[in-house]
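Engineer: I'd like to go over a predicted model; first the sequence, then the structure.
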Amino acid sequence: MMTTIFLLTLSIGIQNICDAFIAHSICNRKVTNNIIWQQEMKWQPLHMTDQEKEEIFFDDFSGVSIGEIANSDTPSTPKIDDELPDFDFDEYDDTQEEKELISIPLPKAVTTTQDLTGCTLREFSFGPDIMLSSYAGSLGFDKVTDWQYYETDTYSGERKQVSPRRITQPSRTKSSSGSVVRLFRGEIGGKLGGKLRSRGLDCRVWIKEYSGEEALELARREKMGLGRIQSAWLKQYLQRINNNDLLESMEDGEWIDLAQRRYVDGLTDTPTNKDDENIITLMELLLSQKAKFTSLLGELNLSDYWDDENIDANEWYKSLGVKPPQAGSIWLIFDYHGISTAASYAVPSIIQRSKLPPKRGPFGGPMEAPPLPPFNERARYMVQGILKGMLTSVASAHEAGIVHRSIGRNSFILSSVGQDKREATSPYAVVLARLRVILSDWGFSASVEEAIQEKEFGVRSRMFGIPTIYSYENQVATDDRISDAAEYFAKAEDLQALGFVFLAMLFSTLAEPATLSAPMPANDDDTWQRLFNEIFDLDMDSFRDYCKNEDIWDGVVELLDREDKAGWSLLGDLLLARERLSDWYKEGDEERDEPISATELLEHPFFQMRII
């Protein structure tokens, strides 16, 4: 038999922007006769120019909220003192005639149970609502296949993995799919933009253009996934603070009704104040509570652009340096967190410091960079800030019934609560209160119900001894044990992928400076998976001994050894999530505890220990 792996790469075009790394990873396996292959798709890191200038928007309105509609029910008649002569005010009536507003009824939305915020239905106009400021790059797919081969014993029927014959059997193949997604920076304008600035909120947004059949499916999954996650997170928060009025208005569909008619109201000059307030409320809550996922605000409607007879395609080239949008493409709008990912942070701190611009002294001469913070301070920032934030974001998705299915280092954005989003990835950053860890790129996500029904998922679960929900075993079963195991397995795949992200973060950023006698070992995802899965055959003790033998990792191993090897225990819970779920299912003990979840892992002793 054979096992195949598909990776996903990214190519980006840059125009004086910033260093960025954006990535996806997805794992699918299929079986055809005696051939098994594993598909893994990833967005590889991109390089941007180091001349980035992050725009900082100031309050231009001195706290005055613009765009409010005056109450026109009462005529603006001047107050007359009783002692003044009685004038005939009919001749001097200066009241303005109230403009009649047109109300166009729209069909009721049908997704109120999964999208309380209306983000999947809201459409912004191009120009009045959203302006494009710069082009950031494009995303494409490279499929890399790692082949695994098996042979079956004639008598016992047992299957075991064998090495490929190098001459006739490939160990890896690669193919490219081309660009499918373009990234743009944008800004919210108009009345909504003024209100955001007056309240100290960021008007910047990220905009993704999805074009082509593959990309349109990514856009659909991203919309549905984020709509459900945002709603579940917001509902849980409002219940916790007992804000029943706001929650009731959302559950009654008020937010969706206003979001659905936003674009039409704009065409008829109908005020969109209520939907503006809903957007502002959502953005304020996401910022104040440090939500662990990218927030979808809506979709950009380009109808005005297409309907313009005086359209000039050269404007795109002049302003952004790229070709105009493709017909039928989807443009999704996300709140702005910068694009510094965990992949850009997963390098030794000494290298991070070397990339910082040199500081100048009072006479213009270069100054030596200050020393890095102590190891324990950087370790606390990594463990209780970055790693715990990553796990929290995955737990939020699983609680909402969503599996990400493309977790990798580039899936996580490391951002800041301040205007400069690059602050979080500085080698001197150690303040947990200013850090935001955000799980992005939901194009391969799916609800748990959808995921367990896919044929490829059934192939992967059967490899671990868990029948599919369409199997004969499930049809004759008297309980939901197989369905439950399938749902656990869908989430376990996310946890297993997250475990390799943890390895990459710990053994790169916290490594000692490399020397000629102690160079940095390979730290890419393929190397970690080959070491743990193949060379050490999922044995955590042997894997620990390997890490301990590298002098450059002495501090990391010591950190993982604390509190009775709590760090290694957490890595085992993540990296072996699928294997332990398989054992749980095969034992068939109904009284045994359920498999551990992402939410339960947040209480792991590794996150509770004091790092001082």
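Structural biologist: Done, it's in.
Engineer: quick one: contacts of stretch 218-237?
Structural biologist: Stretch 218-237 has contacts (Cβ atoms under 8 Å, 6 or more residues apart in numbering) with 111, 114-117, 119-120, 180-181, 208, 210, 247, 250-251, 282, 285, 289, 291, 293-296, 299, 330, 332, 396-397, 399-402, 441-447. C-beta: built from backbone N, CA, C; applies to glycine.
Engineer: now it - C-alpha only, PDB.
Structural biologist: Taking Å, rounded to 0.1, in the frame of the first residue of the first chain, the C-alpha atoms of stretch 218-237 are listed here in PDB:
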ATOM      1  CA  LEU A 218     -13.000  28.000   0.000                       C
ATOM      2  CA  ALA A 219     -15.000  31.200   0.300                       C
ATOM      3  CA  ARG A 220     -18.200  29.300   1.000                       C
ATOM      4  CA  ARG A 221     -16.500  27.300   3.800                       C
ATOM      5  CA  GLU A 222     -14.900  30.300   5.300                       C
ATOM      6  CA  LYS A 223     -18.200  32.200   5.400                       C
ATOM      7  CA  MET A 224     -20.100  29.400   7.000                       C
ATOM      8  CA  GLY A 225     -17.400  28.400   9.500                       C
ATOM      9  CA  LEU A 226     -16.700  32.000  10.800                       C
ATOM     10  CA  GLY A 227     -20.400  32.800  10.900                       C
ATOM     11  CA  ARG A 228     -21.000  29.800  13.200                       C
ATOM     12  CA  ILE A 229     -18.000  30.400  15.300                       C
ATOM     13  CA  GLN A 230     -18.600  34.100  15.800                       C
ATOM     14  CA  SER A 231     -22.200  33.400  16.800                       C
ATOM     15  CA  ALA A 232     -21.400  30.700  19.200                       C
ATOM     16  CA  TRP A 233     -18.600  32.700  20.900                       C
ATOM     17  CA  LEU A 234     -20.800  35.900  21.100                       C
ATOM     18  CA  LYS A 235     -23.800  33.900  22.500                       C
ATOM     19  CA  GLN A 236     -21.600  32.300  25.200                       C
ATOM     20  CA  TYR A 237     -20.200  35.700  26.200                       C
END
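Engineer: for it, buried residues please.
Structural biologist: By neighbour count, with 16 or more other Cβ atoms under 10 Å as the criterion, the buried positions of stretch 218-237 are 218-219, 221-235, 237.
Engineer: next: stretch 491-504.
Structural biologist: By neighbour count, and taking 16+ other Cβ under 10 Å as the criterion, the buried residues in stretch 491-504 are 491-504.
Engineer: okay, helices next: where are they in the stretch 451-600 of the chain?
Structural biologist: With DSSP state H, counting those that start in this stretch applied, the stretch 451-600 of the chain shows helices at 455-463, 472-476, 481-509, 525-529, 540-548, 554-575, 577-587, 598-601, listed in chain order.
Engineer: average pLDDT for the longest one, rounded please.
Structural biologist: Predicted confidence along helix 481-509 averages 94 (mean pLDDT).
Engineer: nearest to W255, out of the helices of the stretch 451-600 of the chain?
Structural biologist: Among the helices of the stretch 451-600 of the chain, helix 598-601 comes nearest to W255, with 26.8 Å by Cβ to Cβ.
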